[in-house]
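S.K.: Here is my input; please provide its structure:
(chains A and B)
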Amino acid sequence: GAVVSQHPSWVICKSGTSVKIECRSLDFQATTMFWYRQFPKQSLMLMATSNEGSKATYEQGVEKDKFLINHASLTLSTLTVTSAHPEDSSFYICSARSPLGPLHFGNGTRLTVT
Amino acid sequence: AQKVTQAQTEISVVEKEDVTLDCVYETRDTTYYLFWYKQPPSGELVFLIRRNSFDEQNEISGRYSWNFQKSTSSFNFTITASQVVDSAVYFCALSEANAGGTSYGKLTFGQGTILTVHP
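M.R.: Reported below is the predicted structural model:
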């Protein structure tokens, strides 16, 4: 079964609203999780590295005030897309690994902003 | 900076044909990991293989095989006797490793190759 759970699988929201996406490690503790974005027919691009108990590290060009990341516990990281706009419509996917274990990806969240 | 290039944007084959997906990478790290993932239309990433930079042995898993050539910075993936269910987007990815070579996580993905297998 899935070891990294991502919720919701898909979400439709209106322009200007905020959307929260959760990424949970189910049977291991993850001090670090990663958030990626994938536009249609494109590759996955790393947005940020989520660090438990400290601030996330954002990749160049990713607005930290727009994509809020909170890694409040060893099993949960959340990505909040604030004031979403149609151009934020994308597939968001997280990954996590235990210190000596393999890397696991969530099943992704398809966000559509109308 | 790390870079992964999958020059083949789309490949179309007929069932039972063999197909090779190319992957070329660039990195300044001496220790790194290479990956292949399959992404079906549903979107999830299906893990296929992880290989560290010190292990150049080729690997075979059923109909899948991988050829790692450090000298040419390539990590190619071959599907033998392709099947319709192999139709998907395939991504090659690269990750740096920590000093001990045991930790990785931040992946740089190639552009992906869309494989279509026709019956």
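
S.K.: Not counting sequence-adjacent ones, nearest residue to the spatially most central residue of chain A?
M.R.: Centroid-nearest residue in chain A: residue A:35, 4.1 Å away (criterion: Cα atoms, centre = their mean). Using Cβ to Cβ, 6 or more residues apart in numbering or on different chains and skipping the chain neighbours, the partner closest in space to residue A:35 is residue A:47 (4.6 Å). Quick note: C-beta positions are derived from backbone N, CA and C, even for glycine.

S.K.: so who does that neighbour touch?
M.R.: Applying Cβ atoms under 8 Å, 6 or more residues apart in numbering or on different chains, we find residue A:47 in contact with A:35-37, A:58-59, A:62, A:67, A:79, A:92.

S.K.: For the residues you listed, give me JSON lines that also has pLDDT, secondary structure and distance to residue A:102.
M.R.: Shown next, in JSON lines, are the contacts of residue A:47 (pLDDT from 0 to 100; DSSP: H, G, I helix; E, B strand; the rest coil; distance: Cβ to Cβ, whole Å):
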{"residue": "A:35", "pLDDT": "97", "secondary structure": "strand", "distance to residue A:102": "19"}
{"residue": "A:36", "pLDDT": "97", "secondary structure": "strand", "distance to residue A:102": "17"}
{"residue": "A:37", "pLDDT": "97", "secondary structure": "strand", "distance to residue A:102": "22"}
{"residue": "A:58", "pLDDT": "96", "secondary structure": "strand", "distance to residue A:102": "25"}
{"residue": "A:59", "pLDDT": "95", "secondary structure": "coil", "distance to residue A:102": "23"}
{"residue": "A:62", "pLDDT": "96", "secondary structure": "coil", "distance to residue A:102": "26"}
{"residue": "A:67", "pLDDT": "97", "secondary structure": "strand", "distance to residue A:102": "26"}
{"residue": "A:79", "pLDDT": "97", "secondary structure": "strand", "distance to residue A:102": "22"}
{"residue": "A:92", "pLDDT": "98", "secondary structure": "strand", "distance to residue A:102": "21"}
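
S.K.: which among those gets closest to residue B:18?
M.R.: residue A:36 (30.8 Å; Cβ to Cβ).

S.K.: what pairs with the residue lying closest to that closest one once chain neighbours are set aside across the strands?
M.R.: Counting by Cβ to Cβ, 6+ apart, residue A:36 lies nearest to residue A:44, which is 4.4 Å off, once chain neighbours are set aside. Counting by DSSP bridges, residue A:44 forms beta bridges with residue A:38.

S.K.: Residue A:44 and residue A:59 touch, don't they?
M.R.: No: using Cβ atoms under 8 Å, residue A:44 is not in contact with residue A:59; the gap is 11.9 Å.

S.K.: what about these two, which has more around it?
M.R.: residue A:44 (26 against 14; other Cβ atoms under 10 Å in any protein chain shown).
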